[in-house]
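Can you look at this prediction? I've put the sequence above it.
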Amino acid sequence: MMKKYEEALSDFEKILEYLNSKQNDLYVQCIGYRGAINFKLRSFKQSRSDLEDAINLNQKESYWHCQLGALLYEQGDYNTSLKELNYAISLFQASKDKSQPQKNKFQRILMSETYHYRGLLYKAIDKFQLANTDFEKSKELNLDHEIPNFIIA
């Protein structure tokens with residue numbers, strides 16, 4: 001899996017070299033997804049920089065807030081992480097689009113990831129009932145997602 005992430009990073013770098021405008025939507029998408037991939041590779045400093053840049057360029061992209069919230073959770077900044085994850089969920093809920101089923105399915109998968117990370121955060125701060133609720137919501141949104149064993153409250 002790591003090799004695939006590294007190949008994707010290489011592809012994003014090539015696209016970013018080609019693009020020269022931060023106002024270009026593709027540029028913003030590449031920066032944000034590069035940040036998400038760096039998070040998966042545990043390159044937290046680069047990930048945070050990319051995600052914050054992407055958010056500054058497009059504050060309404062829920063996935064960047066999800067990934068930044070997850071990164072902050074990993075770094076132990078639970079308060080800021082919770083704010084980012086809650087904001088991501090509010091953006092997801094505000095942007096539900098039933099007219100495009102494929103986009104809707106993709107959004108559900110991304111939202112599932114957000115609930116999953118918020119569940120991990122709640123578990124870390126001993127809010128087990130909230131954690132279980134978020135894990136259940138994550139599973140409900142994406143049945144193919146690998147969810148850890150549910151915690152017992």
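Noted; the coordinates are in hand.

Who are the packing partners of the longest helix seen in the chain?
For the chain, the helix with the greatest residue count under DSSP state H is helix 101-124. For helix 101-124, the packing partners by 3 or more CB pairs under 8 Å, 6 or more residues apart in numbering; DSSP states H and E come out as helix 62-74, helix 78-94, helix 128-141. Using the backbone N, CA and C atoms, a C-beta is placed for each residue, glycine as well.

so for the last one, what's the average pLDDT?
Mean pLDDT, computed over helix 128-141, is 95.

how does the chain divide into domains?
Per automatic domain parsing, the domain ranges recorded for the chain read 1-59, 82-153.

Point out the one among these that comes closest to Cys66.
For the domains of the chain, the distance to Cys66 is smallest for domain 82-153, at 4.1 Å, taking CB to CB.

Least confident secondary structure element in the protein?
One helix or strand of the chain scores below all others by mean pLDDT, DSSP states H and E: helix 2-18, with a mean of 82.

elements contacting that one?
helix 25-40.

what comes up buried for the helix it packs on?
Neighbour-count burial for helix 25-40, with 16 or more other CB atoms under 10 Å as criterion, is recorded at 27-39.

same check, this time on stretch 7-17
Neighbour counts using 16+ other CB under 10 Å place 9, 12 of stretch 7-17 among the buried residues.

quick one: it to chain centroid distance?
Mean-position distance between stretch 7-17 and its chain equals 19 Å (CA atoms, centre = their mean, to the nearest Å).

ok, and what's touching that stretch?
Contact with stretch 7-17 is made by 26-27, 30-31, 33-34, 37-38, 41, as judged by CB atoms under 8 Å, 6 or more residues apart in numbering.
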